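S.K.: Structure for this input, please:
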Amino acid sequence: MEIFHAALEHGHYTCFVREDTKLPMMYMDDAIRATLEIMEVPREKLGEARGGYNIAGFSFTAGELVRKYSEASS
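M.R.: Numbering: from 1, shown residues only. Okay, here's the model as predicted:
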């Protein structure tokens with residue numbers, strides 16, 4: 001993530017979102033795995049929402065991310 005690379009390289013990072021902004025995240029490997037798994041499900045078992053499905057990850061606020069980074073780097 002850009003925030004970690006910039007903080008390590010420059011010693012700081014100016015975030016473009018408010019501290020209480022929720023940031024939805026997902027590991028790329030998880031997104032790929034989930035996509036491949038849903039593609040393998042027979043169409044008749046997918047139910048009514050044939051137009052699309054959501055794959056959930058995890059969320060945290062920008063402030064939570066900064067606090068965890070600060071804890072880990074001290």
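
S.K.: Could you pull up the contacting residues of residue 55?
M.R.: Neighbouring residues of residue 55 by C-beta atoms under 8 Å, 6 or more residues apart in numbering: 26, 31, 34-35, 38. From N, CA and C alone the C-beta is placed, and that goes for glycine too.

S.K.: and with 6 Å instead?
M.R.: Taking C-beta atoms under 6 Å, 6 or more residues apart in numbering, we find residue 55 in contact with residue 34.

S.K.: Next secondary structure element downstream of the regular element (helix or strand) spanning residue 7?
M.R.: When secondary structure is defined by DSSP states H and E, residue 7 falls within helix 2-10. Using DSSP H and E, the helix or strand that follows helix 2-10 in sequence is strand 22-25.

S.K.: separation between residue 71 and residue 44?
M.R.: Distance of residue 71 to residue 44, computed by C-beta to C-beta, to the nearest Å: 49 Å.

S.K.: ok but residue 59 is inside a strand, no?
M.R.: Yes: using DSSP: H, G, I helix; E, B strand; the rest coil, the assignment for residue 59 is a strand.

S.K.: Report how many residues lie close to residue 66.
M.R.: A total of 15 residues lie near residue 66 under the criterion other C-beta atoms under 10 Å.

S.K.: Kindly apply the preceding question to residue 52 instead.
M.R.: Residue 52: 5 neighbours (other C-beta under 10 Å).
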